[in-house]
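Enquirer: Next come a sequence and a model predicted from it.
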Amino acid sequence: GASIARIEQRRAPRGQDRWGTIFPMKEEVDITAIKTSAEELPGCAAETDLKFEPGAHPESDEQPIAKQLALLAIPTFGQLIAEPAFILIDTAIVGHIGGQALAGLSVGSTIVLTVVGLCVFLAYSTTTRVGRLLGAGKRGEGLEAGIDGLWLAGIIGVGVSVALFVIARPLCTAMGAQGSVLHNAVDYVRAVVFGIPGMLLVYAANGIFRGLQKVRITLIAAMVGAILNTLLDLLFILGFGWGVFGSGVATLISQWFMAVVLIVPSVLWTRAEGVRLRPRLSGVLNSAGDGAVLFLRTLALRACLVANVVLATHMGVEVLAAYQVVNSSWNFVLNMLDAIGIAGQTLVAAQIGARQEDEAMRLTRIAGKAGLCGGMVIGIGLMIVGWCASPLFSQSTEIRHLLTVGMMVVGVTLPLAGWMWAVDGILIGAEDYRYLALTCTATAAIYVPCLAAIGWICDAMQASSALRMALLWLAVNLLFVGLRAIFNGFRIGTSAWL
């Protein structure tokens, strides 16, 4: 049932936390127990009570923490899969038009996902700031930080959309697209590009919901958005015969629908708390400052993912078409795993804000185990899909065979990705941005040359398409993911990130 609506303030004795642990303090601090409820936001149901009872030691049982992770991770997954789900739906429908159309969608969607991915800091930094301020008992400041994130998202979204529309063709050409593949890629980018502001607003709004630990509405918005996108895809692509262009238009409409669904309640909630909605220059600049280092991190990662598409393009139309299917599926399942990381990020940020560092370390271990187990289960499911469901994505026997190979490789290596993504989210929650930017840049510096070497070796060996596909996805999951896992594992083994 719904918990009681309020934030309960408790004054801890000097130098002592709520569990009686002594720590040196110069002044008294507010320890906040955050509760969520149906009354806090019009139209939103109650979600989870993350309160620790006085006198209860946090290390007594891991089950409540695992339950909290699940209660946050499952709805958070709804928001995270929005863009990958749109691309996956587009892929399944466009795949039946032909290999050229599917290859064009691969190039175009990579550009769009790269641009949107570079702006994911809008969600990460907002989540962390809101969570920490709430953990420190500063509810009003936390909501103000969320509003600042919305304004920043709108400004960035409009600027990026205009620029991307203008340079769509040169970008697609630089990715290696030619002929009808180039034509389809440009059509997709120019059709979907003005939905980017809506998607960035969704990211920022979800930062507010995650930080407040009320994320169920994101699941509802994503589900309805995916249904709407599917119906519009069928209408525009198959009904009107618009092809890849229709796919982009369907995604654009669905993105703005989700933006309205999430922004309206977040604004109503903020106004109910008496927080002003006007932009604060200092707040927007703070959001941008937090995001700058995260942007560098994401830029390095996206450079690796773009390099994957460039290599797949070089390997041939069939490999590129199959890569699009596997990559869409990989992005989809990674967001399942990322949901665990962001749930952990939310809980750890609140604990760090409340200065409960031991509890933050324990939550990190639990989140890592959850990511590993999640990767094992989801990996098995992905291999089953690759083996049984390949006809859903293409009529070509060769493309179906290649995507099955790719799915098998990804499924086997997914547990490593699950652990790494969970820990990565924790470090973002701890605002360890500089370390992440540095290590992701190092990963890119190692990975991209290795990828080029793999392409050269495949050409020298005149390798089959199946071998090329297997080597490409082994590189992604053992080098790209594996290097990040090593760096993140080393970091959480110390206390420097707290």
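Expert: Alright, I've got the coordinates. Numbering: from 1, shown residues only.
Enquirer: shaky segments in the stretch 351-498 of the chain?
Expert: 353 (pLDDT under 70).
Enquirer: how about the strands in it?
Expert: Using DSSP state E, counting those that start in this stretch, the stretch 351-498 of the chain contains no strands.
Enquirer: gap between the nearest residue to Gly379 once chain neighbours are set aside and Asn308?
Expert: Leaving out its chain neighbours, the residue that sits closest to Gly379 by Cβ to Cβ, 6 or more residues apart in numbering is Leu414, at 3.4 Å. The C-beta positions use only the backbone N, C-alpha and C, and glycine is treated the same way. Distance, Leu414 to Asn308, by Cβ to Cβ, to the nearest Å: 17 Å.
Enquirer: Need the single longest helix in this protein, by residues.
Expert: Taking DSSP state H as the criterion, the chain has its longest helix at helix 317-353.
Enquirer: picking up where we left off before, what's the neighbour count on the residue nearest to Gly379?
Expert: Close neighbours of Leu414, defined as other Cβ atoms under 10 Å, add up to 29.
Enquirer: for Thr114, same thing?
Expert: 18.
Enquirer: what's the angle from whichever strand or helix holds it to helix 317-353?
Expert: According to DSSP states H and E, Thr114 maps onto helix 99-118. Angle between the axes of helix 99-118 and helix 317-353 is 20 degrees (criterion: axes from the mean of the first three to the mean of the last three Cα atoms, to 10 degrees).
Enquirer: Helix 99-118: which residues count as buried?
Expert: Going by neighbour count (16 or more other Cβ atoms under 10 Å), the buried part of helix 99-118 is 99-118.
Enquirer: now do stretch 476-489
Expert: Applying a neighbour-count criterion of 16+ other Cβ under 10 Å, one finds Val476, Asn477, Leu479, Phe480, Val481, Gly482, Leu483, Arg484, Ala485, Phe487, Asn488 buried in stretch 476-489.
Enquirer: with those residues in mind, which one is nearest to Arg362?
Expert: Checking the buried residues of stretch 476-489 against Arg362 by Cβ to Cβ gives Asn488 as the nearest, at 17.3 Å.
Enquirer: quick one: contacts for that closest one?
Expert: Residues near Asn488 by Cβ atoms under 8 Å, 6 or more residues apart in numbering: Met420, Val423, Asp424, Leu427, Thr439.
Enquirer: Leu296 versus the third one, what's the distance?
Expert: Read it as Asp424. From Asp424 across to Leu296, the span is 15 Å (Cβ to Cβ).
Enquirer: and those two? which has more neighbours close in?
Expert: It is Asp424, of Asp424 and Leu296, that has more neighbours when counted by other Cβ under 10 Å, with 28 against 19.
Enquirer: for the more buried one, what are its contacts?
Expert: Gly341, Leu436, Arg484, Asn488.
Enquirer: Considering those residues, which is situated nearest to Gly274?
Expert: Among the contacts of Asp424, and counting by Cβ to Cβ, the member closest to Gly274 is Gly341, at 32.8 Å.
Enquirer: Spatially, what comes nearest to that closest one if we skip its sequence neighbours?
Expert: Nearest one to Gly341, counting by Cβ to Cβ, 6+ apart, is Gly425 at 2.4 Å.
Enquirer: returning to what we had before: the residue nearest to Gly379 contacts Phe332, doesn't it?
Expert: No: counting by Cβ atoms under 8 Å, Leu414 does not reach Phe332; the two are 11.8 Å apart.
Enquirer: okay, and the common contacts of those two?
Expert: Joint contacts of Leu414 and Phe332 (Cβ under 8 Å, 6+ apart) do not exist.
Enquirer: before we move on, the earlier item: would you enumerate the residues in contact with the residue nearest to Gly379?
Expert: By Cβ under 8 Å, 6+ apart, the neighbours of Leu414 are Val333, Leu337, Gly375, Met376, Ile378, Gly379, Leu382, Asn477.
Enquirer: Just send those back as a markdown table, with distance to Gly493 too.
Expert: As requested, these are exported to a markdown table (distance: Cβ to Cβ, whole Å):
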| residue | distance to Gly493 |
| --- | --- |
| Val333 | 27 |
| Leu337 | 21 |
| Gly375 | 20 |
| Met376 | 23 |
| Ile378 | 26 |
| Gly379 | 25 |
| Leu382 | 30 |
| Asn477 | 23 |
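Enquirer: Out of those residues, which sit inside helices?
Expert: Judged by DSSP H, the subset of the contacts of Leu414 located in helices is Val333, Leu337, Gly375, Met376, Ile378, Gly379, Leu382.
Enquirer: and the third one, what is it in contact with?
Expert: For Gly375, the residues meeting the contact criterion (Cβ under 8 Å, 6+ apart) are Leu337, Leu414, Pro415, Leu416, Ala417, Gly418, Trp419.
Enquirer: now swap in the second one and tell me
Expert: Taking Cβ under 8 Å, 6+ apart as the contact definition, Leu337 lies against Gly371, Gly374, Gly375, Ile378, Leu414, Ala417, Gly418, Trp421, Ala422.
Enquirer: Report the separation between it and Ile87.
Expert: For Leu337, the distance to Ile87 - Cβ to Cβ - is 17 Å.
Enquirer: give the contact list for Phe86.
Expert: Gly225, Ala226, Asn229, Ala250, Thr251, Ser254, Gln255.
Enquirer: per-residue confidence for it?
Expert: Per-residue pLDDT puts Phe86 at 74.
Enquirer: tell me the secondary structure for it?
Expert: Using DSSP: H, G, I helix; E, B strand; the rest coil, the structure places Phe86 in helix.
Enquirer: So it versus Leu231, what's the distance?
Expert: 12 Å.
Enquirer: Please tell me how far the residue lying closest to Trp473 once chain neighbours are set aside sits from Val326.
Expert: The shortest distance from Trp473 to any non-neighbouring residue, by Cβ to Cβ, 6+ apart, is to Val409 (4.1 Å). Per Cβ to Cβ, Val409 is found 8 Å from Val326.
Enquirer: what about these two, which has more around it?
Expert: Between Val409 and Val326, counting by other Cβ under 10 Å, Val326 is the more crowded of the two (27 against 23).
Enquirer: buried sites along stretch 397-410?
Expert: Those would be 398-410, for stretch 397-410 by 16+ other Cβ under 10 Å.
Enquirer: Please enumerate residues in contact with it?
Expert: 95, 99, 102, 318-319, 321-323, 325-326, 329-330, 333, 379, 382-383, 385-387, 390-391, 393-394, 465-466, 469-470, 472-474, 476-477.
Enquirer: how about Met315, what does it touch?
Expert: By Cβ under 8 Å, 6+ apart, Met315 lies in contact with Gly455, Cys458, Ser465, Arg468, Met469, Leu472.
Enquirer: One more pass at 10 Å, please.
Expert: 322-323, 402, 454-455, 458-459, 463, 465, 468-469, 471-472 (Cβ atoms under 10 Å, 6 or more residues apart in numbering).
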